[in-house]
Structures are given as structure tokens and as C-alpha cells.
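Engineer: From the sequence below, what's the structure:
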Amino acid sequence: MKIHEYIAKDMFKDEGIPIPNSKMVKTPEDAKKAAIKIGKPVAIKSQILVGGRGKAGGIQFADKPDEVYNKTKEILGSIVKDELVEMVLIEEKIEIQAEYYISVVLDRAAKKPLIMASMSGGVDIEKVARKTPDKIVKYYLNPLDKFLPYQGREIAIKMGIPNILIPKVGMIIWKLFNVFQKYDATIAEINPLVINANNIIAADAKLEIDDDAIYRQKELTILENITKDEFAYIKLEGNIAVIGNGAGLTLSGMDMLKLYGGEPATFLDIGGGSSRENIAKALNIVISDPDVKTIFLNVLGGITRADDVAKGVLDVLNNSKRYIPLVIRLTGTNEEEGQEILKEAGVLYETSMEAAAKKAVELCKNIE
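Structural biologist: Numbering: from 1, shown residues only. Coordinates of the predicted model:
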């Protein structure tokens with residue numbers, strides 16, 4: 001889930017990262033009022049969720065309130081990078097002495113958070129990495145260890161930051177990691193981090209939240225006014241519903257069905273942190289599909305607990321008016337408790353995906 005700049009900056013500010021004086025507005029009149037209140041030349045920044053907006057005309061500058069009004073009127077309702085601009089950030093224009101780059105990203109290959117930092121900020125960091133990779137400091141973190149302020153200072157020293165600024169830049173790096181961790185981010189980025197008369201200001205803010213952690217970040221979904229579907233659901237042409245807790249696991253289950261001669265009726269990813277209630281909702285969705293003859297529930301418990309899965313299954317079986325054969329692959333967290341619940345209820349389960357997929361195909365063929 002991508003977060004708009006104005007919200008990300010508020011989150012950075014709450015963590016103690018300095019940001020420019022700014023206000024998000026949705027009308028030219030409010031833009032003019034914000035500029036008058038700021039009392040200085042401002043930047044008018046379109047609030048869209050794609051990069052490269054500056055080069056596409058999505059950022060304008062103005063010295064006077066009337067100019068702010070006119071330029072805001074031009075930007076609002078325009079299309080920038082294929083996105084409709086519905087709001088802008090009126091922000092104090094900053095005099096820039098130097099621009100740095102700092103980010104924390106989730107390196108999925110290394111399975112670790114990675115801090116990247118460079119004194120070459122304000123530009124496309126991918127170009128810097130490609131042309132002058134030595135200008136980027138990379139610092140991997142052990143997810144089991146605590147990241148401490150002195151490590152932020154170490155990174156600032158490796159960047160080549162002037163001595164007088166090392167404590168301040170190091171503290172910004174430490175605080176940015178706190179944002180990354182606190183909000184379950186996949187990326188938290190400041191580009192540029194601006195130096196202005198020995199002051200350090202986050203002139204831009206980028207934040208993306210792991211979709212599988214959204215259930216822990218309800219306030220952000222409210223702030224972003226997101227009406228996101230609860231599940232990733234795709235209707236297919238087969239007759240065996242496939243439900244999994246994770247896109248990769250769901251796709252693997254579909255492949256296994258095909259291997260044994262079955263045809264998936266759904267792709268339904270309930271996500272990595274599903275509750276008893278979510279399991280029941282997902283099952284009710286596929287039960288209501290008349291084309292579904294059998295259900296293959298493929299669960300590898302991590303955040304999702306196997307006993308919660310079992311209870312969600314029984315909630316549906318005990319209340320559903322339509323009976324559909326169900327096979328569950330159930331392993332992971334609290335697997336013994338979950339399997340015992342299913343066993344007592346007489347519900348089929350397997351511990352391997354292969355066995356469960358094969359059984360689901362057999363059941364479906366017997367119905368036909």
C-alpha cells in the first residue's frame with residue numbers, strides 16, 4: 001500500500017524527523033490561504049502515488065498567494081503520470097545547500113532490512129547506483145537485532161557527511177528506520193534530505209506498507225480512505241475452489257491441482273495474517289459460487305494460526321445451507337491443536353499440499 005507524501009511526512013514528523021511547513025489542500029482558495037499563512041515562497045506539489053511527478057509538471061513554484069491560486073487551479077484536475085490530481089501539498093520552498101538520499105527497504109532476497117544512503121540525493125537513485133555505485137552506502141540489518149543510534153552515525157560517516165552534520169544525519173537515519181519498523185513498511189525513503197544552514201529537512205517522503213500487514217495498520221487505511229477488497233479474488237473456469245494464505249501458496253496449490261488433473265475455480269488469497277472470521281468469509285464466498293464442486297484450502301500457518309483456521313472452517317460447516325466437500329492442508333503454528341479440532345469434527349485434512357490437492361481432485365471426480 002502506497003502512502004501519499006503529506007501523510008508520510010506527518011508520520012515522519014511524529015517520529016522526530018524535521019519536515020517543511022506545509023498543508024494539504026483540495027481547492028485553489030485553500031491553497032491561497034495556506035500560502036498566506038506560510039508567508040514565504042512555496043512549492044505546489046501534486047499528491048499522486050507515482051514517482052517522476054516533478055519532470056511531468058506535477059510540482060510548481062510560486063512566490064505570491066495569487067500565483068499560488070492560479071497554479072493550483074491548473075494542477076488540480078490535471079493528469080500527471082496517468083493519475084488524476086485531486087489534492088496538492090502547499091509547502092514552504094527550501095533553500096538547498098546540499099541534498100542527500102536515505103532509505104530503508106526490505107531486501108526480500110537477503111530477508112533483511114537494507115539501509116541505503118548517499119550524498120547524491122535529489123536525483124534518480126537508480127542512475128546513481130548504475131553509474132557510480134561507490135557513492136551508495138549499503139548497510140544490512142539483522143532483523144533480530146536492535147538498530148541503535150550509533151549505527152546511524154556509522155552510516156553517516158561512511159557516506160562522507162561533514163563532521164558537524166554526522167550526529168544529525170545519523171539520528172535521521174535511526175528515526176527513519178523506526179518509521180520503517182513501526183509501520184510494517186517495505187520502503188521508507190527521504191529523497192532529498194536537504195541541508196539548509198546546518199538544518200536538516202526531509203523535503204520529500206516515500207512510504208509503502210506491506211499489504212500483508214495492513215490489518216495491523218488500520219489507521220493508515222482510514223487516513224488514505226482506502227476501500228480495499230478484503231481478499232485477492234479471481235473467478236476462474238474450473239470447479240475446485242483454491243484458497244491459500246499468501247499469493248505464492250495459492251498459486252502453488254493451483255499448480256498442484258492441475259498436476260493431478262483438476263481445474264481451479266478460484267484464486268482466493270486470504271493474506272498472511274488471516275483470522276478465524278476471515279477464513280469463514282473466504283469459505284462463504286466460494287460456497288456461494290454454483291460452479292464450485294470441491295474446496296481446497298491450502299494453509300501454511302505463520303502469523304495465521306492453524307487452530308483459528310480450523311475454528312473458522314467449523315463456523316461455516318455448522319451454518320452453511322450448502323454442503324461442498326472440503327480438503328484442508330493444515331500445518332504451521334498451533335498445527336496440532338488445529339488438526340485435533342478438525343479430526344473431532346470429521347473434517348478431512350492433510351499435512352502435505354500434494355496429498356491435499358490429490359484428494360480434492362478425487363473428491364471432485366466422484367461428484368461428477
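Engineer: contact partners of stretch 133-152?
Structural biologist: Residues outside stretch 133-152 that contact it (Cβ atoms under 8 Å, 6 or more residues apart in numbering): 101, 107, 110-120, 125, 128-129, 154-155, 158-159, 169-174, 177, 181. For the C-beta atoms, the positions are set from N, CA and C on the backbone; glycine is no exception.
Engineer: So what would you say the end-to-end distance of that stretch is?
Structural biologist: With Cα to Cα, to the nearest Å as the measure, stretch 133-152 spans 20 Å from end to end.
Engineer: And it, what's buried?
Structural biologist: 135, 136, 137, 139, 141, 147, 151, 152 (16 or more other Cβ atoms under 10 Å).
Engineer: List the buried residues for the helix or strand encompassing residue 167?
Structural biologist: Using DSSP states H and E, residue 167 falls within helix 166-182. Under the neighbour-count criterion of 16+ other Cβ under 10 Å, helix 166-182 has 166, 168-181 buried.
Engineer: Restricting to C-alpha, output the biggest strand by length in the chain in CSV.
Structural biologist: Of all the elements of type strand in the chain, the one with the most residues (DSSP state E) is strand 185-196. Taking Å, rounded to 0.1, in the frame of the first residue of the first chain, the C-alpha atoms of strand 185-196 are listed here in CSV:
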residue,chain,number,x,y,z
ALA,A,185,7.0,-0.8,5.6
THR,A,186,8.6,-2.3,2.6
ILE,A,187,10.3,1.1,1.9
ALA,A,188,10.7,4.3,3.8
GLU,A,189,12.6,6.9,1.8
ILE,A,190,13.8,10.5,2.0
ASN,A,191,14.9,12.0,-1.3
PRO,A,192,16.2,14.6,-0.9
LEU,A,193,17.2,15.1,2.7
VAL,A,194,18.1,18.8,2.4
ILE,A,195,20.8,20.7,4.2
ASN,A,196,19.9,24.3,4.9
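Engineer: what angle do that strand and helix 166-182 make?
Structural biologist: Calculated by axes from the mean of the first three to the mean of the last three Cα atoms, to 10 degrees, strand 185-196 forms an angle of 160 degrees with helix 166-182.
Engineer: what's the average pLDDT for the helix or strand following strand 185-196?
Structural biologist: Moving toward the C-terminus from strand 185-196, the next helix or strand (DSSP H and E) is strand 199-202. Strand 199-202 comes out with an average pLDDT of 94.
Engineer: Strand 199-202: partners in the sheet, and parallel or antiparallel?
Structural biologist: Using DSSP bridges, the strands paired with strand 199-202 in its sheet are strand 185-196 (antiparallel).
Engineer: Identify the residues contacting the partner strand?
Structural biologist: In contact with strand 185-196 (Cβ under 8 Å, 6+ apart) are residues 12, 17, 94-106, 121-122, 125, 165, 169, 172, 176-177, 179-180, 200-210.
Engineer: repeat for stretch 203-221
Structural biologist: 1-3, 5, 7-9, 11-12, 19-20, 51, 94, 96, 99, 103, 106, 179, 183-194, 228, 246, 271-273, 275, 303.
Engineer: out of the residues you listed, which are buried?
Structural biologist: Listed as buried from these are 1, 3, 5, 7-9, 11-12, 19-20, 94, 99, 103, 106, 179, 183-194, 246, 271-273, 275, 303; burial here means 16+ other Cβ under 10 Å.
Engineer: what's the span of stretch 117-133, first residue to last?
Structural biologist: Taking Cα to Cα, stretch 117-133 runs 11 Å from one end to the other.
Engineer: Then stretch 311-326?
Structural biologist: Span of stretch 311-326 from end to end, Cα to Cα: 14 Å.
Engineer: now swap in stretch 223-235 and tell me
Structural biologist: Criterion Cα to Cα; first-to-last residue distance in stretch 223-235 is 31 Å.
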